[in-house]
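# missing the sequence, but the structure's below:
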């Protein structure tokens, strides 16, 4: 029997019991679940025994008791960076797979008290100063990898009054803002964590907002979501103005949806001034009056965060206009009736568990069900994003991708659920799913075809998918076509140079190819 306590005792699995509408989920429970599942579903079945794993952690440089492991994995105690890194070493996982996620989640969720998870650092020590100098030099010279950037972020947040030249701040901000949109998997979390930590340094904030504004002002820019999302971490008036402007006049639909999420987060963090909140309320009302149906669908998470009076008025208006599902989503936090959401998530969880490595014995696992429920049905895009990241770091990553690819083939699934499934696949698919992904590249539902194309861009280049994407690329600059171009750009396709030289290619394709050739392909480390 699997467990960390007394021999013969079945391990109980951590669960986040907070309501779906709670602003702050139980982060410690989610991280505890991830640690436990990484151990219990490891290919080395001996790790399911707590005594064996205590020895493995000691060999990895961390001496702890079985009871401490139990407290971490149950979510009763917050886990340190050193502990998550030791889990990675003991389990033979890619460095950063667990440790980068824990820091990212704590920095991303509004209201978390300990927002920076990092190794213990002593800013007063000589070693700290020398290492900070080395990291700045690596970054300025363009030689820093994702792990170096993450470490630099830790050092900057540990010494927020550090003095660097303006040119250095400018260089660091520009590099991070252009790298993050092309980074994937663990590297994405490490670069993003570096940016979040750097955003805690007051001196860096204006340089970061300036770098984001400059990046977004490029008429050829192809990826706007990641830099725009960083505005959530920057509590400056310039950042707030840029977010509100992106809702009023978005350069692309993807920028509009992300700006809504950032505005929601800023409302919850209390980052808007009274004047900015008034401006936001007027923007929401204008969008609502222009198209109540689209507004009820697109603004649900933002409306839910607005003051009670305005929220109640808009919810009532949605129901009165026949948009009862929108009213339900705003009030209850998910897009499906609770019983149906639980049943669907439970079926997916059971299927994924059956595909996962090993067959350990443990108590009821309601967390996997909760995470799948969130990625598919939760009202808030940030919660779907964070739940997907936890799944992507777990041993259920590949199995969940398989289950969701099966869901795409289910003709009875609602279109919006297929779209959510395809978006989640973007987080959890790997090279083993390539051929199955190609089946959906030309799906008539744009909410499926677009994230599937983006998923192929997160995989290494391969001739079969490169040819499929190039042959599917159409002449009109729709979201799906830009996603296909994204995949070609992220994989460094030779087709980019051909498009750039072509005298017959549409102008948008030439502009996109030119941008990708200038900025480079995906960053994996």
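That came in fine, so what should we check first? Nothing here was measured: the structure is a model prediction, and the numbers come from that model.

# any idea of the pLDDT on the residue nearest the centre of the chain?
By CA atoms, centre = their mean, the chain has its centre lying nearest to residue 385, at 4.5 Å. pLDDT, residue 385: 90.

# from residue 471, how far off is it?
According to CB to CB, to the nearest Å, residue 385 and residue 471 sit 31 Å apart. C-beta here means a position set from N, CA and C on the backbone, and glycine is covered the same way.

# residue 250 is in contact with residue 262, isn't it?
No. Residue 250 is beyond contact range of residue 262, at 11.8 Å (criterion: CB atoms under 8 Å).

# compare the two (neighbour count), which wins?
residue 262 (27 against 17; other CB atoms under 10 Å).

# how about residue 240: what's its closest non-neighbour residue?
Excluding the flanking residues, the one nearest residue 240 by CB to CB, 6 or more residues apart in numbering is residue 276, at 5.1 Å.

# for the helix or strand where the one you found lies, buried residues please.
If you go by DSSP states H and E, residue 276 is part of helix 274-290. For helix 274-290, the buried set under the neighbour-count rule, 16 or more other CB atoms under 10 Å, comprises 276-277, 279-280, 283-284, 287-288.

# do stretch 243-263 as well
Buried residues in stretch 243-263 (16+ other CB under 10 Å): 243-244, 246-247, 250, 252, 254-263.

# pull the helix or strand with minimum mean pLDDT from this structure.
One helix or strand of the chain scores below all others by mean pLDDT, DSSP states H and E: helix 324-332, with a mean of 56.

# skip the chain neighbours and tell me the closest residue to residue 371.
Among residues not flanking residue 371 along the chain, residue 387 sits closest, at 4.7 Å (CB to CB, 6+ apart).

# spatially nearest residue to residue 259 (excluding sequence neighbours)?
That would be residue 246: by CB to CB, 6+ apart, it lies 3.7 Å from residue 259.

# could you confirm the residue nearest to the centre of the chain falls within a helix?
Yes. According to DSSP: H, G, I helix; E, B strand; the rest coil, residue 385 belongs to a helix.

# residue ranges of the helices in the stretch 1-150 of the chain, please?
27-40, 50-59, 66-74, 81-91, 99-108, 126-140, 146-158 (DSSP state H, counting those that start in this stretch).

# export those helices as TSV, with columns for mean pLDDT.
What follows is the helices of the stretch 1-150 of the chain, written out as TSV (pLDDT from 0 to 100):
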stretch	mean pLDDT
helix 27-40	95
helix 50-59	94
helix 66-74	94
helix 81-91	94
helix 99-108	78
helix 126-140	96
helix 146-158	94
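
# any chance of TSV for those, columns mean neighbour count and distance to residue 358?
Shown next, in TSV, are these (neighbours: other CB atoms under 10 Å; distance: least, CB to CB, whole Å):
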stretch	mean neighbour count	distance to residue 358
helix 27-40	25	7
helix 50-59	17	14
helix 66-74	20	16
helix 81-91	21	12
helix 99-108	24	21
helix 126-140	15	39
helix 146-158	23	29
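
# need those in a markdown table (columns: distance to residue 376).
Shown next, in a markdown table, are the helices of the stretch 1-150 of the chain (distance: least, CB to CB, whole Å):
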| stretch | distance to residue 376 |
| --- | --- |
| helix 27-40 | 17 |
| helix 50-59 | 32 |
| helix 66-74 | 26 |
| helix 81-91 | 27 |
| helix 99-108 | 19 |
| helix 126-140 | 38 |
| helix 146-158 | 29 |
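
# tell me which of the ones you listed sits nearest to residue 397.
Taking CB to CB, helix 27-40 is the member of the helices of the stretch 1-150 of the chain nearest to residue 397, at 10.6 Å.

# would you mind pulling up the elements that the closest one packs against?
Packing partners of helix 27-40 (3 or more CB pairs under 8 Å, 6 or more residues apart in numbering; DSSP states H and E): helix 66-74, helix 81-91, helix 99-108, helix 367-377, helix 381-392.

# just the angle between that helix and helix 50-59, please?
Counting by axes from the mean of the first three to the mean of the last three CA atoms, to 10 degrees, helix 27-40 lies at 100 degrees to helix 50-59.

# check the offset of helix 27-40 from the chain's centre.
18 Å (CA atoms, centre = their mean, to the nearest Å).

# equivalent analysis for stretch 14-26, please.
Mean-position distance between stretch 14-26 and its chain equals 18 Å (CA atoms, centre = their mean).

# what's the answer for stretch 406-423, then?
Relative to the centre of its chain, stretch 406-423 is centred 20 Å away, using CA atoms, centre = their mean.

# now the end-to-end length of that stretch.
Stretch 406-423 stretches 14 Å from its first residue to its last (CA to CA, to the nearest Å).

# mean confidence score for it?
Throughout stretch 406-423, pLDDT has a mean value of 93.

# equivalent analysis for stretch 170-182, please.
Stretch 170-182 comes out with an average pLDDT of 95.

# same thing with stretch 263-282?
Taken as a whole, stretch 263-282 has a mean pLDDT of 89.

# could the helices and strands packed on helix 27-40 go into TSV alongside distance to residue 187?
Putting those into TSV (distance: least, CB to CB, whole Å) gives the following:
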stretch	distance to residue 187
helix 66-74	26
helix 81-91	15
helix 99-108	9
helix 367-377	21
helix 381-392	13
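
# the ones you listed: which one's closest to residue 454?
Set against residue 454 and scored by CB to CB, the helices and strands packed on helix 27-40 come closest in helix 381-392, at 13.2 Å.

# can you give me the angle the closest one makes with helix 27-40?
Note on geometry: by the same axes, to 10 degrees, helix 381-392 and helix 27-40 are set 20 degrees apart in direction.

# contacts for helix 381-392?
For helix 381-392, the external contacting residues (CB atoms under 8 Å, 6 or more residues apart in numbering) are 25, 30, 33-34, 101, 104-105, 108-109, 185, 189, 257-258, 260-261, 264-265, 301, 371-372, 374-376, 378, 397, 400, 420, 423-424, 427-428.

# quick check, pLDDT for residue 20.
We have a pLDDT of 85 for residue 20.

# surely it meets residue 345?
No. Applying CB under 8 Å as the test, residue 20 and residue 345 come out as separate, 11.7 Å apart.

# which non-adjacent residue is nearest residue 27?
The nearest residue in space to residue 27 (CB to CB, 6+ apart) is residue 105, at 5.8 Å.

# list the contacts of that neighbour.
Here residue 105 is in contact with 27, 30-31, 386, 389-390 (criterion: CB under 8 Å, 6+ apart).

# residue 353 - how many residues pack around it?
19.

# can you count the residues close to the closest residue to it other than its chain neighbours?
Nearest residue to residue 353, sequence neighbours excluded (CB to CB, 6+ apart): residue 368, at 6.9 Å. Burial of residue 368 is recorded as 26 neighbouring residues (other CB under 10 Å).

# and residue 368, how far is that from residue 391?
Counting by CB to CB - residue 368 and residue 391 are separated by 8 Å.

# show residues contacting stretch 223-230.
177, 180-182, 192, 195-196, 199, 208, 211-212, 215-216, 243, 246, 251-252, 254-255, 258-259, 261-262, 486.

# also stretch 57-74?
With CB under 8 Å, 6+ apart, stretch 57-74 has contacts from 4-5, 11-12, 14, 29, 31-33, 35-36, 39, 50-51, 53-54, 76-77, 79, 82-83, 86-87, 89-90.

# ok, the nearest residue to residue 446 once chain neighbours are set aside - contacts?
Leaving aside its chain neighbours, residue 446 sits nearest to residue 480 (5.2 Å; criterion: CB to CB, 6+ apart). Going by CB under 8 Å, 6+ apart, residue 480 touches 446, 449-450, 453, 474.

# swap in residue 33?
Counting by CB under 8 Å, 6+ apart, residue 33 makes contact with 13-15, 73, 75, 365, 367-368, 390.

# by neighbours, which of those residues wins?
Going by other CB under 10 Å, residue 73 tops those with 28 neighbours.

# end-to-end on stretch 267-281?
Where stretch 267-281 begins and where it ends lie 11 Å apart, using CA to CA.

# which residue packs closest to residue 398, ignoring adjacent ones?
Nearest to residue 398 is residue 430, by CB to CB, 6+ apart, at 6.0 Å.

# perfect, I'm done here.
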